[in-house]
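Novice: Next comes the sequence, and after it the predicted model I'd like to discuss.
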Amino acid sequence: MNSLDQYDVKILLSFGKAIDGNKDFFKWLLDNGYPELAALSNAIRGDEDALQWLLKNGFPEFAILSNAMDNEPNAVQWLINSKSELMFYFSQASRGDEDAIKWFRTKQLPIFIFLSEKVNKLLKLQAKENTFWYKIKF
């Protein structure tokens, strides 16, 4: 199973910038061997092509994570069943769940609190703009 805890913190910081929509960091991820993180950053931003790329290129867990961040019930259940606590709690922290954020504090994984805050900010912006992002249902 692919999991975000397999990446160096510096790579995850770049991923965070890509989530913010920074094209330079997105391109850096693509050009330096992390196309899955570039695709995940765009999938989180609502890009269906990026979600499809994840599914077709060996990163279905990241596509499911993106959908779980959107609170798609089957994706959330899949993460629970996969027993990947980190991915499950990241999806929940990204929705502002305080228990999930506390879990990362307890595990001393502040990078995931930082990333979940970025995703949460984006999700709130999308909701505020009343933008409906198409996501594949699992």
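Specialist: Sure, I can see it. Numbers count the residues shown, from 1 in each chain.

Novice: List the contacts of the longest helix along the chain.
Specialist: Longest helix in the chain, counting residues (DSSP state H): helix 110-128. Contacts to helix 110-128, defined as C-beta atoms under 8 Å, 6 or more residues apart in numbering, come from residues 4, 9, 12-13, 15-16, 19-20, 44-46, 69-70, 86, 89-90, 93-96, 100-101, 104-105, 133. Just so you know, the C-beta spots here come from the backbone N, C-alpha and C atoms, and that holds for glycine as well.

Novice: Quick one: mark the members of these that sit in helices.
Specialist: 9, 12-13, 15-16, 19, 44, 69, 86, 89-90, 93, 100-101, 104-105.

Novice: Quick check on those: which are buried?
Specialist: 12, 15-16, 19, 44, 69, 86, 89-90, 93, 100-101, 104 (16 or more other C-beta atoms under 10 Å).

Novice: Looking at those, spot the one nearest W53.
Specialist: Of all those, I44 has the smallest distance to W53: 13.2 Å, by C-beta to C-beta.

Novice: What's the mean pLDDT across stretch 59-72?
Specialist: If you average the pLDDT over stretch 59-72, you get 95.

Novice: Pull out the buried residues from it.
Specialist: 59-70, 72.

Novice: distance between it and the chain's centre?
Specialist: Here the centre of stretch 59-72 is set off from its chain's centre by 7 Å, with C-alpha atoms, centre = their mean, to the nearest Å.

Novice: what residues does it touch?
Specialist: Taking C-beta under 8 Å, 6+ apart as the rule, stretch 59-72 contacts 1-3, 36, 39-40, 43-44, 51, 54-55, 74-76, 78-79, 82, 84, 87-88, 90-91, 94-95, 119, 123, 133, 135-138.
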